[in-house]
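K.L.:
build me a model:
(chains A, B, C and D)
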4 protein chains.
Amino acid sequence: MTYEVKSLNEECGLFGIWGHPQAAQVTYFGLHSLQHRGQEGAGILANDGGKLKRYRDLGLVAEVFKNPADLEELNGQAAIGHVRYATAGGASINNVQPFLFDFYDMQLGLAHNGNLTNTQTLRRELEEQGAIFASSSDTEILMHLIRRSKKAEFLDRFKEALSKVKGGFAYLLMAEDKLYAALDPNGFRPLSIGRMKNGAWVVSSETCAFEVVGAEWVSDLQPGQLVIIDDQGLHYDSYTTETQLAICSMEYVYFARPDSVIHGVNVHAARKQTGRRLAKEAQIAADIVVGVPNSSLSAASGYAEESGLPYEMGLIKNQYSQRTFIQPTQELREQGVRMKLSAVSSIVKGKRVVMVDDSIVRGTTSRRIVNLLREAGASEVHVAVASPPLKYPCFFGIDIQSRRELIAANHSVEEIRQIIGADSLTFLSLEGLIESVGIKTDAPNGGLCVAYFDGDYPAPLYDYEEQYLESLADHTSFF
Amino acid sequence: MTYEVKSLNEECGLFGIWGHPQAAQVTYFGLHSLQHRGQEGAGILANDGGKLKRYRDLGLVAEVFKNPADLEELNGQAAIGHVRYATAGGASINNVQPFLFDFYDMQLGLAHNGNLTNTQTLRRELEEQGAIFASSSDTEILMHLIRRSKKAEFLDRFKEALSKVKGGFAYLLMAEDKLYAALDPNGFRPLSIGRMKNGAWVVSSETCAFEVVGAEWVSDLQPGQLVIIDDQGLHYDSYTTETQLAICSMEYVYFARPDSVIHGVNVHAARKQTGRRLAKEAQIAADIVVGVPNSSLSAASGYAEESGLPYEMGLIKNQYSQRTFIQPTQELREQGVRMKLSAVSSIVKGKRVVMVDDSIVRGTTSRRIVNLLREAGASEVHVAVASPPLKYPCFFGIDIQSRRELIAANHSVEEIRQIIGADSLTFLSLEGLIESVGIKTDAPNGGLCVAYFDGDYPAPLYDYEEQYLESLADHTSFF
Amino acid sequence: MTYEVKSLNEECGLFGIWGHPQAAQVTYFGLHSLQHRGQEGAGILANDGGKLKRYRDLGLVAEVFKNPADLEELNGQAAIGHVRYATAGGASINNVQPFLFDFYDMQLGLAHNGNLTNTQTLRRELEEQGAIFASSSDTEILMHLIRRSKKAEFLDRFKEALSKVKGGFAYLLMAEDKLYAALDPNGFRPLSIGRMKNGAWVVSSETCAFEVVGAEWVSDLQPGQLVIIDDQGLHYDSYTTETQLAICSMEYVYFARPDSVIHGVNVHAARKQTGRRLAKEAQIAADIVVGVPNSSLSAASGYAEESGLPYEMGLIKNQYSQRTFIQPTQELREQGVRMKLSAVSSIVKGKRVVMVDDSIVRGTTSRRIVNLLREAGASEVHVAVASPPLKYPCFFGIDIQSRRELIAANHSVEEIRQIIGADSLTFLSLEGLIESVGIKTDAPNGGLCVAYFDGDYPAPLYDYEEQYLESLADHTSFF
Amino acid sequence: MTYEVKSLNEECGLFGIWGHPQAAQVTYFGLHSLQHRGQEGAGILANDGGKLKRYRDLGLVAEVFKNPADLEELNGQAAIGHVRYATAGGASINNVQPFLFDFYDMQLGLAHNGNLTNTQTLRRELEEQGAIFASSSDTEILMHLIRRSKKAEFLDRFKEALSKVKGGFAYLLMAEDKLYAALDPNGFRPLSIGRMKNGAWVVSSETCAFEVVGAEWVSDLQPGQLVIIDDQGLHYDSYTTETQLAICSMEYVYFARPDSVIHGVNVHAARKQTGRRLAKEAQIAADIVVGVPNSSLSAASGYAEESGLPYEMGLIKNQYSQRTFIQPTQELREQGVRMKLSAVSSIVKGKRVVMVDDSIVRGTTSRRIVNLLREAGASEVHVAVASPPLKYPCFFGIDIQSRRELIAANHSVEEIRQIIGADSLTFLSLEGLIESVGIKTDAPNGGLCVAYFDGDYPAPLYDYEEQYLESLADHTSFF
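P.N.:
You can find the predicted model right below:
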């Protein structure tokens, strides 16, 4: 088993719509605004009067739907779409969603965001009963559970299936006459309902899609909630009462787009607030504040405002770096040839710089950026991180399933400071993070999942329990 | 003749290197950092011990060199590269540079950035003498002039040719044993010399490439200057003494990357200064400052600092918009479906917003953004533009050759304000722009070409004279 | 339901190998020689010490494995491969074989050639029990039956599954430690065993692959036979005793490659013999014999030898026509612009031509070729067809599932002659076909399935029974 | 200088049309039928009322014009097209024809088939005068000569240019109001005029295109002839009187399509006649005749008819081999794995085989095929070649410019027999070839160029003289 953490990755984005003559087109634009949640593949499934059709491929949304005809063929008044994030294990079109199931008695379309924790157990049980899985994705599990349920009504079969899967999940299920949206009992992932001017209902992983498609926010799905949409309107239901909000705090810190609003909190505002709080906690004497583009710019501007220091563009990200196949060789790197990020010497030369970053995973990137700033002439580099140290794996949707490469799981703050070569290193306190986000809720930790910071998981780990314990045994250097 | 201005486009970027074992690779990274200067096509020509080889194609640098083998085949210690900007008239690989010329007595490689003003006259003269042109680009002209020169020495032939072409140009010429760089008598385009740690000389349209390839800045090419690089080192020469610096002011306002330094002035700093000056000149009562991403963020932060207003992320640009083939239909647009840019209601709602933009060309984009902000709930939208009104065409390298679509050539500031729907509209004064940039020079207009603002061209227009006069006659509404 | 017969198409080709260090490479060359059996897609599944890997895509074998690396990654000493024929209903990579199944307890690979007749019934039964199908292909059925079998031993489960599927089938099943080959109870499709010089066993739809991979023929699979190959050697078994040979006669007439040998009969020799017999039955006074390229050349040369008439190249097929996207418009066709086939006037001018074709499906092609020959100056055109009239649909693997477009199902020979504009038209007698092929067997019809000629199906039609009866009712003009 | 002969390759095919509303479409179909003359690239240039447009690319005609829109954009009543054969030196789109020249005073389109012998001399002269060449093709030379001519009339300038180029050439030149066709003074390459039903004039390298586009043959261009076509009709002219027919004999032996007629002789008939003559000259005792597909089938059928032996399909060519990227490794080859060609054991086993081939270049292919037949069980293999031994290079259009790899330039017939492993080897006599073709003419060698057989070139070699003499010196083993 390989324990490798590439970088922080999130699992997918969902968009759904009911009641619009150009449902697939709107879904296209919705997915486009969710592209940051997954770049490996994309697909749209349309419901044309009860007949489901689908188009999907590997690549960005714009690449998958390069040929307008492919989108135009997806007629119908309802649609669901999915963007899939890049996994380590090799891309296969088979795993690109939404899935489309053709049964003798019905068609169903399914899209899923999150990570189940009892996949292995359920899959083995199902295969022992003769089930055949078509993909390595754990999304199919739900469909097998639905189809094997003995309940008379479809809705009851769906609820029974939802109560059997564990972990973090948001589902969009398209039936011939209804669109369903469901969220796990902790609400690990965001999922919101909106309404367009023409009355169409939309569902999206993030509200940024609402700004793009001209929809008004209606509600956020609550833990354990199930929403049913059809031509009669929208109906709220639930499949469990054992719920407790624990939304992934990294959505606020890093994943979500700054213009999204999650549980009443604007992401940019939350990040700016972490920056302000960080400035108060850190109290660093410096000349300028520089954010690591692009995710740390909100926090950096908050830091600058609170500290009174000027906010400067000392690091520039090459906006064309996304799809570059050629990287500098080791030899060229030693000569200073680099891509993606460069430090602006005319800005940082001779300055004491506060470099604000959103988080530190392995520390290698931080070390490179500190070094860039020093080479460009910064006299001091103080690293301020707008979240606490990442110490524990996540099993509910973020791609950190080991502690081996989490630098903070293995080193003290002072050790990390030395490794990355900073003059000082400050992490935001856990309390500071929770208060900066400030969701209005009575749930523990202010409604946030902060397990990667404190190891206290809001739900059982099931099939991952053993893997988690191994990882603890493996890395004994707690601080 | 069609008079259409798409948006502000610049003509190309150049990178050259002499004395590095991986010359083509370094050129690749250099071009990558100049990608913003041209996205239509790219090419690299390497000099392998006197034998020139070249690879080019349509597309971004990363796409052209998708296959590492294509880059690896470009062996040699010297190279020149080129990125070409997207023209309206249909892309052809024939026009992608560098050009490679195989003669019975030598090989020559040529790359060109800018626009000649006497192309038509020279081309006709040459064709009357039997010359055949292989492309519609005006770059070939120089080569015909060199090859027809009667001078004995190659350098003298090159100088004679340079003295015959008029307009804005920066050339990189690769001979079997030398690399030449030359700039027009007004220095309309930036071109700088740097040096890598291993001693290799590099030439680049912008110094941002130096940060990327680990080179130190050595000098900026001066108007009329000619630089000769070979294994013996670098030698400065000139082909004319009738020179006067008039570098394109839009390089500072819009084209160049913020981390570049041109004639001693950092672009981000210049932009921030235009924002400060604009704040002083505008004196608008407002709650927040919002920049139009990405080019106006420096000016906006300057404006915020000077005015004391908070700088907020009220507009979000979708970073994946670059290559989208599907656009919202008219019907969807009316329903509010949009891409690329969205306004963040949770930030702008109920606020008096100063929206800082770098320039206004046709006004249509400005109108759309003002509208976005209003729909997102802004109570007032004040547009502050960090450059003067664009009123006149450019014939030296920017793709504005008509006045028909320049909104400021046809309307007063008050009319423009009404058209774009702003509560107020302020342009930076010409004096403000010149002083904000602040090049250390005695040349008129602080060494800047500001002809698109005041109609006072720093050099004769030659073949374009008639077109210019027509355009004046056509649009009589001067203010 | 659309009743359309494009042309005669066959369903797929299979190749398998056990015991060769470059199993996938050999399979590649084997599939290449079976390319005529399917051009829509191709795939290879390799067994690397019990671990199954697979690569597949749409396109010709050479296109699918354009990148040698894709083939090289398929390590292992055993492999199965498949070429899929082009269906009308839109190509999907999901249907390209071999299929690969990953279970918790084993991996299995499956490739299938033929058409099941009880797919619909079985699929519905399985879905009612909760089964989910991943493709629209009927190949998956077998796997569901295997996995749901209650037998203790894998071999017994496989046999039970084989006894439940009906129709025409040849299967290759790759398990972790064994390769299985199985044939339906009528042996509708050919499947042969061979052995390479190094001792590796190979299985192929046609023996032409043996010539290509340097293998010796060992045996042909018999109806109802099951062959098991592993490191201990090859073992013959069977899953039913109710068998009777009825191999598709169109394999000899049209589908198979002339160099293949099926049940002891070389295909070229069989075709030549049909030509000889046709000459005896037809007795046409003529000057030259011309075959329709390429499939009718063997029959034509037999006709020429028997009749004593010279065999001439009066029709030329453009060898580059395979992948042409642009066809002459109606207007151009009327002006005589055509592709693919042209008649050679200097050969046919003034001649009485016997045009030998292998079969007539819709008659449109025949009409066009007769017309070509007349325009080129032939004084008479006598059409001689080396098979009987096609009157009935096939449900065991040929893509004729309706009678609507079979010209011979709706018209008498004299009517067909008039429609195609021939001076005379002769079909080979059914007896003539059976005797010309001459398999050494006691089975009825000389071991051939000739149901498309006489309507007498060698096995029940199951789910197709109703469709068959409808088609009879629909077309009452029997002769 | 590398002396390598890949195999016999011919240089390109031409098609032109004047007076048809869908000129480009007709050209497409014409080029398609000339595809055998060149597979590297293709292009069409259309004349839309005096405005020339062009589309070209690397690949087969069907690939180049994959997108129907590209063809549809080529409006106009006249067009010229070109197919280019695959050269060793790397494909470049720059060399794909027709060429399009945009001058200030006119547009010209040019396509060329053949090889000039004084290219190097002319190119150097022109470059010394300042000319710049855009391609490595020698086609541009003519255009430089035209543009530099001092004659007043365009026609005179064209004639002057034609009289300066030497070697083998067929040109199609499209001017704004005229289409010109011209042939070299020896008529090395075929070029014919035809007329469509609607009155449009067509010009084609081979008459097979006339069958395809429904045109009637009008005339063959004569050596030194120049044809001018415009709306007034067709006019015959000439640019020289020093002419003598010496058409490439390999057109009849190998290059041309069997359905073409060249100088009154059908190619299939000529080949069949060489087969008959060969049978008379060889007098081999054998059981069957087998032709090497596809080019030798006509000769083989002639041999069979004359000798009274049966003509059998003992060798099968895989029709899908054209574009295969993966070849058997040496190891697999030794195990008998092969592609492209296979021998049919059920046909050749125990038989004395006459294997008829059109020509022998390097002998390696012959050796492989003889071996194939023996492995398949042939008891004797007698090789009969339907042309004389190839001993000398060609400088007029066939890609043999050295003698090093011509097996017959270096070995006696008996030595070749041993090398290829045949039981006997017979070449057709030179007299036999000339008489078999039988053009009605008084020119020497029956109007054929047979220089590769006897070393007697019908025209001076100019720039190639030295290369030729070197090649003689290099290979002294003449027989």
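
K.L.:
show me what contacts the closest residue to residue A:459 other than its chain neighbours?
P.N.:
Leaving out its chain neighbours, the residue that sits closest to residue A:459 by Cβ to Cβ, 6 or more residues apart in numbering or on different chains is residue A:186, at 5.6 Å. In this view, the C-beta of every residue, glycine as well, is placed from N, C-alpha and C. Listed by Cβ atoms under 8 Å, 6 or more residues apart in numbering or on different chains, the contact set of residue A:186 reads A:168, A:223, A:243, A:244, A:245, A:246, A:247, A:396, A:449, A:458, A:459.

K.L.:
so the third one, which of the three states?
P.N.:
It stands for residue A:243. Reduced to three states with DSSP: H, G, I helix; E, B strand; the rest coil, the structure at residue A:243 is coil.

K.L.:
and the contacts of residue A:186, which of them are in strands?
P.N.:
Taking DSSP state E as the definition of strands, the contacts of residue A:186 contribute A:168, A:247, A:449.

K.L.:
tell me the least confident of those?
P.N.:
For those, the model is least confident at residue A:168; its pLDDT is 94.

K.L.:
okay, now it: neighbour count?
P.N.:
For residue A:168, the count of nearby residues is 28 (other Cβ atoms under 10 Å in any protein chain shown).

K.L.:
and if you look at residue A:124?
P.N.:
Taking other Cβ under 10 Å as the definition, residue A:124 ends up with a neighbour count of 15.

K.L.:
so what's it closest to, chain neighbours aside?
P.N.:
Nearest non-adjacent residue to residue A:124 (Cβ to Cβ, 6+ apart): residue C:104, at 4.7 Å.

K.L.:
re earlier: and the ones in strands among the contacts of residue A:186, which is closest to chain C?
P.N.:
Using Cβ to the nearest Cβ, residue A:168 is the member of the ones in strands among the contacts of residue A:186 that sits closest to chain C, with 23.2 Å.

K.L.:
between the two ends of stretch A:165-179, how far is it?
P.N.:
20 Å (Cα to Cα, to the nearest Å).

K.L.:
repeat for stretch A:44-57
P.N.:
End-to-end span of stretch A:44-57 (Cα to Cα): 10 Å.

K.L.:
please apply the same query to stretch A:185-193.
P.N.:
For stretch A:185-193, the first-to-last residue distance is 18 Å (Cα to Cα).

K.L.:
same question for stretch A:319-338.
P.N.:
Across its full length, stretch A:319-338 reaches 14 Å end to end, with Cα to Cα as the criterion.

K.L.:
do that stretch and chain C meet at all?
P.N.:
No - using Cβ under 8 Å from any Cβ of the partner chain, stretch A:319-338 stays clear of chain C, with a minimum separation of 15.2 Å.

K.L.:
per-residue confidence for the residue of the stretch 251-400 of chain A found nearest chain D?
P.N.:
Per Cβ to the nearest Cβ, the residue of the stretch 251-400 of chain A with the smallest distance to chain D is residue A:325, at 21.2 Å. Reading off the confidence values, residue A:325 has pLDDT 71.

K.L.:
these two touch, right, residue A:203 and residue A:192?
P.N.:
Yes - contact between residue A:203 and residue A:192 holds when scored by Cβ atoms under 8 Å: they sit 7.2 Å apart.

K.L.:
buried sites along the longest helix along chain A?
P.N.:
Counting residues, the longest helix found in chain A (DSSP state H) is helix A:267-282. Applying a neighbour-count criterion of 16 or more other Cβ atoms under 10 Å in any protein chain shown, one finds A:267-279, A:282 buried in helix A:267-282.

K.L.:
no further questions, thank you.
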